[in-house]
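Q: Sequence first, then the predicted structure:
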Amino acid sequence: MQSKVRTGAVVLTAAGLLGAALTTAAAAGPPPASATQRSLDALVRQEKFPAALASVTKNGRTTDLVAGSSRLGAQVPVPRDGSVRAGSNTKTFTAVVVLQLVGEGKVELDAPIEKYLPGVVRGQGIDGGKITVRQLLQHTSGLPNYTANIGLEDFGKIRHKFFQPHDLLAAALAQPADFAPGTKWEYSNTNYLLAGMLIERVTERPVQEQITERVIRKAGLRHTYWPQPGDQTIQGPHPQGYATKTFTDPAIVDATELDPSWGGAAGQLISTPSDLAQVDRALLDGKLLAPAQLAEMRKTVESTLFPGWRYGLGLMSIPLSCGGVYWGHGGDIEGYETRGGATEDGRSVGLAVTALPGTFGDAEKAATAVVSTVDTAFCS
């Protein structure tokens, strides 16, 4: 049956409408870019990120957008929903596994980490008997950050170095406690290094296997994986990532290939913008945790990251300019930064840029622009 649309006294067939629309479109040129696309373009044009990628889901429809080039010095198409290093988004995955173990009665959130890793957490002002599992997941433990003490300031020296978890822990515990447990909030990768060790001790299985079985597969993620030992590549279509040679030498180097072992349970995963958005969607939809454990995950404290950002257990609450909040995380690792999350009403966003803020200009300005782009993707 041929449908018709009445406009005043004129009746147009669907075929006639299509022809009219095509004629009008041809005369007017391409449709204007969406607000999200314009924001991605600005990340490349104004903030000088080589590439930006986003995946936006609203009303059950997913749109993948890109800007820039996959490679500096050439115009190489950016793969839509390309693979990137997910950095600290890994913390959400790790926290979910710990909370699943809580739901199974194998771990107590408010028990000291000493109960599960006896004799392991010891140092100047550091006592595993006074630090709870909850404080690890919430960054209120006071443990020094191992990433400040393994030479990351000279990327060229550590990019191909393989780290064992005990080496990372030793680097942290050689420093005094930053503060007494539970007295303040401060981001520390050491918390999630220990959370990964907790998972392995309780399950008697590798943390990467537990994250894969309990989170990646359960959430239906197709392009998220934990690199095997020695794998310095990124599998699948991906843009190149870039970094400065050292903290003081601004020379730009291709950072795509590196040994991510120093990230571990705090930041080793590789993913895509859509997968990162999907895991937060699955989490809020109750597909990964029972209601009691999800409620614990969403009990937040004030953080010092951005105004209004609050930190739960491997999950952040971030205010939106259009009202409400989204729940997610983010990740920074040489070559890539990722941001995004999901809302209660079904929206989800994943965003990646191919350098850390500050690599090509003002770090604070660039970081704010990335966060603003995520907000635009949710609110436009």
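A: In hand now; what should we look at? A quick note: this is a predicted structure, and the numbers were derived from the prediction, not measured.
Q: Number of residues surrounding Ala277?
A: The number of residues packed near Ala277 is 28, by other C-beta atoms under 10 Å. For every residue, glycine as well, the C-beta is placed using N, CA and C.
Q: Look at it and tell me its secondary structure.
A: helix (DSSP: H, G, I helix; E, B strand; the rest coil).
Q: so what's His139 up against?
A: The contact partners of His139, by C-beta atoms under 8 Å, 6 or more residues apart in numbering, come to Trp185, Glu186, Tyr187, Ser188, Asn191, Ser303, Tyr311.
Q: looking at those, which has the most residues close by?
A: When neighbours are counted by other C-beta under 10 Å, Asn191 leads those with 30 neighbours.
Q: hey, where'd the strands end up in the stretch 201-350 of the chain?
A: Under the criterion DSSP state E, counting those that start in this stretch, strands of the stretch 201-350 of the chain are mapped to 242-244, 252-254, 270-271, 301-302, 310-311, 316-319, 325-333, 336-342, 348-353.
Q: among the ones you listed, which is the most enclosed?
A: Among the strands of the stretch 201-350 of the chain, strand 348-353 has the highest mean neighbour count (mean count of other C-beta atoms under 10 Å), at a mean of 31.
Q: just how off-centre is that strand within its chain?
A: 8 Å (C-alpha atoms, centre = their mean, to the nearest Å).
Q: which residues are contacting the very next helix or strand once past that strand?
A: Sequence order places helix 363-379 as the next helix or strand after strand 348-353, per DSSP states H and E. For helix 363-379, the surrounding residues in contact (C-beta under 8 Å, 6+ apart) are 35-36, 39-40, 42-43, 46-49, 52, 54, 56, 306, 320-322, 326, 337, 339-341, 343, 347, 349, 351, 353, 356-358, 360.
Q: Can you give me the neighbour number for Gln124?
A: 10.
Q: What residue, apart from its backbone neighbours, is nearest it spatially?
A: Pro176 (4.0 Å; C-beta to C-beta, 6 or more residues apart in numbering).
Q: quick one, helices of the stretch 51-200 of the chain?
A: Listed in chain order, the helices of the stretch 51-200 of the chain (DSSP state H, counting those that start in this stretch) span 90-103, 133-138, 155-158, 165-173, 189-203.
Q: Keeping just the C-alphas, turn the fourth one into PDB.
A: The C-alpha coordinates for helix 165-173 follow below in PDB (Å, rounded to 0.1, in the frame of the first residue of the first chain):
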ATOM      1  CA  PRO A 165      52.500  -7.200  40.900                       C
ATOM      2  CA  HIS A 166      54.800  -7.700  43.900                       C
ATOM      3  CA  ASP A 167      57.300  -5.200  42.400                       C
ATOM      4  CA  LEU A 168      54.500  -2.600  42.100                       C
ATOM      5  CA  LEU A 169      53.400  -3.200  45.600                       C
ATOM      6  CA  ALA A 170      56.900  -3.000  46.900                       C
ATOM      7  CA  ALA A 171      57.300   0.400  45.200                       C
ATOM      8  CA  ALA A 172      54.200   1.700  47.000                       C
ATOM      9  CA  LEU A 173      55.000   0.200  50.500                       C
END
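Q: helices or strands up against that helix?
A: With contacts taken as 3 or more C-beta pairs under 8 Å, 6 or more residues apart in numbering; DSSP states H and E, helix 165-173 sits against strand 122-123, helix 189-203.
Q: For stretch 87-104, list every residue counted as buried.
A: If you call a residue buried by 16 or more other C-beta atoms under 10 Å, then stretch 87-104 has these buried ones: 87-103.
Q: Any figure for the gap between Pro229 and Phe163?
A: 11 Å (C-beta to C-beta, to the nearest Å).
Q: Of the two, give the one with the bigger neighbour count.
A: Phe163 (17 against 9).
Q: what's the least confident stretch among the helices of the stretch 51-200 of the chain?
A: Per-stretch mean pLDDT for those is lowest at helix 155-158 (a mean of 92).
Q: Any buried residues in that helix, and which?
A: Under 16+ other C-beta under 10 Å, the buried positions of helix 155-158 are Phe155, Ile158.
Q: what residues does it touch?
A: Applying C-beta under 8 Å, 6+ apart, the set of residues contacting helix 155-158 from outside is Ile150, Gly151, Leu152, Ala243, Thr244, Lys245, Thr246, Val253, Ala255, Trp262, Glu334.
Q: one step back: so for Pro77, which of the strands of the stretch 201-350 of the chain sits nearest?
A: strand 348-353 (15.5 Å; C-beta to C-beta).
Q: hmm, back to that, if you compare the helices and strands packed on helix 165-173, which one is most tucked away?
A: Of all the helices and strands packed on helix 165-173, helix 189-203 has the most neighbours on average by mean count of other C-beta under 10 Å, namely a mean of 24.
Q: Send me it as CSV with only the CA atoms.
A: C-alpha atoms of helix 189-203 as CSV (Å, rounded to 0.1, in the frame of the first residue of the first chain):
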residue,chain,number,x,y,z
ASN,A,189,46.3,2.7,42.0
THR,A,190,47.8,0.7,44.8
ASN,A,191,44.2,0.1,46.2
TYR,A,192,43.2,-1.8,43.0
LEU,A,193,46.5,-3.6,42.8
LEU,A,194,45.6,-5.1,46.2
ALA,A,195,42.0,-5.7,45.1
GLY,A,196,43.3,-7.8,42.2
MET,A,197,45.5,-9.7,44.7
LEU,A,198,42.5,-10.2,46.9
ILE,A,199,40.5,-11.7,44.0
GLU,A,200,43.3,-14.1,43.2
ARG,A,201,43.7,-15.2,46.8
VAL,A,202,39.9,-15.8,47.3
THR,A,203,39.2,-17.5,44.0
